Every structure is written in structure tokens, then in C-alpha cells.
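Visitor: Got a predicted structure here, sequence first:
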Amino acid sequence: MNKNKAVVVFSGGQDSTTCMFDALNRYEEVELITFQYGQRHAEEINTARKIADEHQLKHHVMDMSLLSQLSPNALTNHDMAIEETDSVPNTFVPARNMLFLSFASALAYQINAGVIITGVCETDYSGYPDCRDMFIKSMNITANLAMDKNFVIETPLMWLDKKETWALADSLGKLDYIRHNTLTCYEGVIGDGCGECPACKLRQDGLTEYLSEKEAE
């Protein structure tokens with residue numbers, strides 16, 4: 001497998017776009033894979049396509065709409081209100097990252113890419129069990145055994161909080177681009193978002209903290 005070629009699991013959000021720029025900084029070849037799984041807003045796919053086009057990157061968009069048939073959750077059931085809870089939130093899509101990484105590995109196999117990159121994070125993972133480091137490590141072993149290839153699944157953001165993710169974006173010279181061109185908001189608002197949903201609050205709190213510390217230096 002080509003260890004200088006990477007596939008980035010890409011949603012067009014803050015985290016995956018930061019991973020994209022980080023990959024472009026470290027690998028000779030980078031391709032993107034985006035999944036259409038019945039998420040709340042088609043704007044997510046449009047945003048991913050726009051970013052890929054602007055950076056002239058090969059972009060694979062895969063139909064995974066079957067995910068919306070498997071279980072009720074607030075990301076694929078557009079009539080369900082998003083709720084914050086003390087346990088796993090109702091925005092959790094069971095098996096999503098497992099399926100995404102399986103299909104990303106299959107693509108990597110076909111294009112001879114030795115590296116698969118995903119922006120999952122255990123530091124502020126909102127209780128999603130498939131964002132944990134232990135799951136990623138087990139998935140890496142499974143992919144290698146299933147296809148008899150030596151893939152490496154990288155998680156550049158695994159131990160970073162949102163403030164540190166913004167710091168990484170800034171170190172890559174891409175903070176402003178990521179702030180104004182990515183889509184994290186559950187309500188489908190690009191950039192700083194609606195400011196009210198859990199994803200927007202987490203993103204904005206991290207940005208505010210980072211910019212405040214940077215200004216104080």
C-alpha cells in the first residue's frame with residue numbers, strides 16, 4: 001500500500017476539513033470520501049463537494065442511505081428534535097463510523113492508499129461510543145485482517161479539544177477558511193452556524209477560548 005497516499009473521511013465540517021488540510025500538509029496524494037446517509041441537511045454534501053472542488057481533490061460520494069432505515073435518531077429522522085442527555089445523545093447514529101471506515105478501507109484498497117484519516121475525537125466526543133480510540137484501533141486491525149493489507153487509520157484530533165482543534169487549523173494557516181466555509185451546525189447553517197444547537201455551541205466555545213488565549217499572548 002502507498003503510505004504517501006491518504007483517504008480522508010470527509011463531511012465538510014470543522015473536524016474533517018482540518019484533517020484534510022493536515023493530510024495535504026503531510027501526504028503526497030489525498031482523496032476524500034463523503035457519505036450520504038440521510039443526514040438532516042443535503043447542504044452537508046454540497047459543502048463537502050464545494051470544498052473538494054476548491055482544492056481540486058478527487059471526491060468520492062457514497063450512498064449509505066440504508067443507515068436511516070436501521071434506527072431512529074435525530075440526524076436521520078428530520079422530525080425528531082435534537083436532545084442533549086446525560087447518556088448517549090439522540091444524534092448518535094449506530095454503526096455509522098464502523099460502516100464509514102469499512103467503506104473507506106474498501107476504497108483505500110482499490111486506489112492503493114495506505115492511510116485512512118478520520119476526524120473522530122474522544123476528548124469531546126459527546127458520548128458517541130464509535131469515536132473512542134479503542135474502537136478505532138480495533139477497526140484498524142479488522143480492516144487489515146479483512147483485506148490482508150497494512151492500512152493505518154489515523155485520528156489527528158483524537159486527544160484534542162475544540163480549542164486545540166482550532167489551534168491546529170491556525171497552525172496550518174486555515175483557521176479563517178475553516179471558520180467561514182465548513183458546516184458543523186445541525187440546522188444546516190454554514191460558518192458560525194445557528195449558535196444554538198449542541199454542535200454550534202461546542203465549536204463556538206472552542207473558537208472563543210482559542211482566540212482569547214491567542215490575544216492574551
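Guide: Done, it's in.
Visitor: what about Arg179, helix or strand, and which?
Guide: Assessed by DSSP states H and E, Arg179 sits inside helix 175-181.
Visitor: low pLDDT regions in this structure?
Guide: Across the chain, the ranges flagged by pLDDT under 70 are 39-41, 67-94, 124-126.
Visitor: the strands in it, which residues?
Guide: With DSSP state E applied, the chain shows strands at 2-9, 29-36, 59-63, 113-117, 152-154, listed in chain order.
Visitor: want to throw those into a markdown table with distance to Asn97 and mean neighbour count?
Guide: Glycine gets a C-beta too; all of them are placed from N, C-alpha and C. As requested, these are arranged in a markdown table below (distance: least, CB to CB, whole Å; neighbours: other CB atoms under 10 Å):
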| stretch | distance to Asn97 | mean neighbour count |
| --- | --- | --- |
| strand 2-9 | 8 | 21 |
| strand 29-36 | 10 | 22 |
| strand 59-63 | 14 | 15 |
| strand 113-117 | 12 | 23 |
| strand 152-154 | 11 | 19 |
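Visitor: I'd like those strands as a markdown table, with distance to Thr165 appended.
Guide: Shown next, in a markdown table, are the strands of the chain (distance: least, CB to CB, whole Å):
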| stretch | distance to Thr165 |
| --- | --- |
| strand 2-9 | 15 |
| strand 29-36 | 18 |
| strand 59-63 | 22 |
| strand 113-117 | 14 |
| strand 152-154 | 15 |
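Visitor: hang on, the earlier thing: show me what the helix holding Arg179 is packed against.
Guide: With contacts defined as 3 or more CB pairs under 8 Å, 6 or more residues apart in numbering; DSSP states H and E, helix 175-181 has these neighbours: helix 14-26, helix 43-54, helix 162-171.
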